[in-house]
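K.L.:
model the structure of this input:
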Amino acid sequence: MTIAPESPQAGTRPLLRLEPKPSHARGKRSPVTCRLKCADQCAHPVPNRTDHETFREVASRALTRRRMLGGLAAAAAVVVGGAQVAGAPGAAAAGGPVAAGRKGLAFGAIAPQPAATDALVVPDGYEWSPIIRWGDPILPGGRAFDPARQSPQQQALQFGYNCDYLDILPADPKELAKPLHARSRGTRGLLVSNHEYTNPAIMFDESYDAATRRAIERAAHGMSVVEVTRRRTGTPWEYSRLSRSNRRVHLGTEFVVDGPAAGSDLMRTVADPTGTRVLGTLNNCAGGTTPWGTVVSGEENFHGYFRATGTDPRDARYGLRDAATSYGWELDEPRFDARNAGYENESHRFGWVVELDPYDPSAPPVKHTAMGRLKHEGANVILSEDGHAVAYMGDDERFDYVYKFVSRDTFRRGGSARARAHNKQLLSAGDLYVARFEGDSPAAEIDGSGAVPSDGAFDGTGRWVPLVEDGESRVPGMSVAEVLVFTRLAADAVGATKMDRPEDVEPHPLTGRVYVACTNNTDRGKAGKEGPTEPNPRGANRDGHVVEIVEDRGDQLSETFRWNLLLVAGDPATNDGTYFAGFPAEKVSPISCPDNLAFDADGNLWISTDGQPSSIQRCDGLFKVPLTGRERGHVQQFLAVPREAETCGPVVDSRDGMVYVNVQHPGEDGSFADQHSFFPDYLAAGEPVPAGAWRGPRPATVQVYRAGAGEQPGKGNGHGHGWDGPGPFPWPRGGKGWGPGGRSRGRWAR
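P.N.:
Modelled structure (predicted):
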């Protein structure tokens, strides 16, 4: 059952004033998200202004090479049956066999939800509930959330805002060494989440002064670690309000800087003349869990927090400008304004992959300069056959690049403290590469419409071009430190392939194949901009696509690869330029703007989206996509998030029959007095508000489980509350979804 949203209230004034929706936002987000998440980057010139060779030249060279090798032989080596890439490693190549005979997570695909639907919708036979919400206390001294009594000190003791990356780690990190299909989260774990950005217009009423609001926002950024427990596997989790494992990381947390750029002149400031210590992390988007049990997080749109001098052309390549920021933190701390003497390099200290050890609250988090500075969506690590840690990364910008990092040292097996300490250094030194893709179809067949080439697939070959290798810069005229601090310029210099906003880049834990979510690029093909290419085949690409990369010889250390497009996304009912790996388009769930990726124990890909409300007028959601056999490319929608929200950080545990997502920025276009969403508490108008609840939107971590798995009246619900007896229950628990005023048995009790 889906409950329609309540009508907005009139006559309110938002804290954040925005211009009418600009045309640049049509392909993905609302103007509120554009302003706060990426500082209206799409309204400004594309930072990548390089003029690489045209796709026509690349394609012509590829065709010439094919003729030399023999056209028939080369064509036969590209695609088998339109589904499997020839020569790809078997299912057991990188982490154990796919579990045979498992049914996995069975469900019937839900209907796409209209963009105005303020409900979290799941399939029949499933229920959902939040594990933790913005403002829930997790450290000693933290009070129950009260939107009228927030403070910087309280927010630092509470779960942060706009949760993005998510994982629930087993209590014992040794469990992570097991193959995916044999791994168990057990009954006690550690929930780890990023907190990307804040939206003051819906967080605060006008009683808060501007400086206090900004200080609370700084405390609401960063990361959280929270202990969670449950009765048995397959049942809902509760978070532990007081646990020695709980932790908040925010703008006041000290980070260690390591790697080749640490201590260089480019990293030093008047507050840190050593260039090895940084306060805080911000705009943390996606991430990944390493084989040794740490979490890596990507610092993405850092440019929106700093005012630059406007005199360094290298800053422009990252979108930094001499203009007041929307956050206004430069009014409070001099480090956010490069015009202040001694802070010219502060922005160089953001835009890194950071690593946090959830199992050791005393260990300082680390920023790894060896992995390059860019707008990191995240980083995801897989071990090569000989034990090197290989991380894949996307730079989330129009016409930017896909990267690979290979550790210098190798992984040490075993659960000893010594082995783990060694493994925690793997991302500190190694080689950095950027991807160059080449298509194998005639240029005339890539006309921007999304029509599949005559060979039956968008595909080709590629090369990982070295930027830093064996401790040396491979970019003429740039030192190692310069390559790592100005990685975008280094990648420009070697002719990397411009992609349509590469976001999450995930290696498959069972096959070793790599999947790249290119979310969209409405600028492709515009005057003065690069036109369609085979790896980015549509002009004005509003819906995005997913690239599948197969490393040559099945070796993650290979410097060459083959690639194909798994999906060219969109709604087939209204868009002829879609492609689903050969699966009939009329049988798929419509999908647009792929963002985060995940895998289940049965080998299926899961895609969360960010931008469907504006691109196909549907709520964002989570989608399952089989990767092999006749079902390859069969997109099936599992859930839809509420109005104006984004689906983030999916975790799919098919052993438990459970799915987890972070619901980010619900009701983002509202104001404090005119809220557009009431997720997840969904209190009806005039209904009493229990302590810790709120009739307004709260980004939250949500768990989805089989119907009946969570029924045990009188037990805790994950927030220090319980329910007992009949009456209104403010959290949705219905099979298909509840909206404002939803009911279930039970009532709140302390």
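
K.L.:
so for stretch 288-298, what's the average pLDDT?
P.N.:
Averaged over stretch 288-298, pLDDT sits at 97.

K.L.:
residues in contact with it: which ones?
P.N.:
Stretch 288-298 has contacts (CB atoms under 8 Å, 6 or more residues apart in numbering) with 165, 167, 169, 173, 176-177, 192, 194, 223, 281, 284-287, 353-359, 368, 376-383, 389, 391, 393, 411, 420, 423-424, 426-427, 506. Every residue, glycine included, has its C-beta placed from N, CA and C.

K.L.:
return the subset of those residues lying in helices.
P.N.:
Secondary structure assignment by DSSP state H places Arg420, Asn423 of the contacts of stretch 288-298 in helices.

K.L.:
which ones among the contacts of stretch 288-298 map onto strands?
P.N.:
Cross-referencing the contacts of stretch 288-298 against strands under DSSP state E gives 165, 167, 169, 192, 194, 223, 284-287, 353-356, 368, 380-383, 389, 391, 393, 506.

K.L.:
which non-adjacent residue is nearest the most centrally placed residue in the chain?
P.N.:
Nearest to the geometric centre of the chain sits Ala286, at 3.1 Å (CA atoms, centre = their mean). Spatial nearest neighbour of Ala286, excluding adjacent residues (CB to CB, 6 or more residues apart in numbering): Gly378 at 3.1 Å.

K.L.:
OK, contacts around the one you found?
P.N.:
Listed by CB under 8 Å, 6+ apart, the contact partners of Gly378 are 165, 285-288, 296-298, 393-394, 503-505.

K.L.:
let's see 10 Å
P.N.:
With contacts defined as CB atoms under 10 Å, 6 or more residues apart in numbering, the neighbours of Gly378 are 164-165, 194, 284-288, 296-300, 353, 391-394, 396, 503-506, 596-597, 649.

K.L.:
now the helices for the stretch 151-300 of the chain?
P.N.:
152-155, 200-203, 210-220 (DSSP state H, counting those that start in this stretch).

K.L.:
tell me the most buried of those helices?
P.N.:
helix 200-203 (a mean of 24; mean count of other CB atoms under 10 Å).

K.L.:
elements contacting it?
P.N.:
Counting contacts by 3 or more CB pairs under 10 Å, 6 or more residues apart in numbering; DSSP states H and E, helix 200-203 packs against helix 31-38, helix 210-220.

K.L.:
which residues touch the closest residue to Ser479 other than its chain neighbours?
P.N.:
Closest residue to Ser479 apart from its sequence neighbours, by CB to CB, 6+ apart: Ser473 at 5.8 Å. When contacts are counted by CB under 10 Å, 6+ apart, Ser473 touches Pro260, Leu432, Pro466, Leu467, Ser479, Val480, Ala481, Glu482, Val483, Leu484, Ala490.

K.L.:
also Ala219?
P.N.:
Neighbours of Ala219 in contact, by CB under 10 Å, 6+ apart: 150-158, 160-161, 195, 198, 248, 250-252.

K.L.:
in the protein, where is pLDDT below threshold?
P.N.:
For the chain, the stretches with pLDDT under 70 are 1-29, 34-35, 37-38, 40-44, 52-104, 712-750.

K.L.:
and the helices in it?
P.N.:
Counting by DSSP H, one finds helices in the chain at the ranges 31-38, 55-69, 71-76, 152-155, 200-203, 210-220, 313-316, 417-423, 480-485, 487-493, 612-615.

K.L.:
now find how far off-centre the last one is within its chain.
P.N.:
Translated: helix 612-615. With CA atoms, centre = their mean, to the nearest Å as the basis, helix 612-615 stands 18 Å off its chain's centre.

K.L.:
perfect, that will be all.
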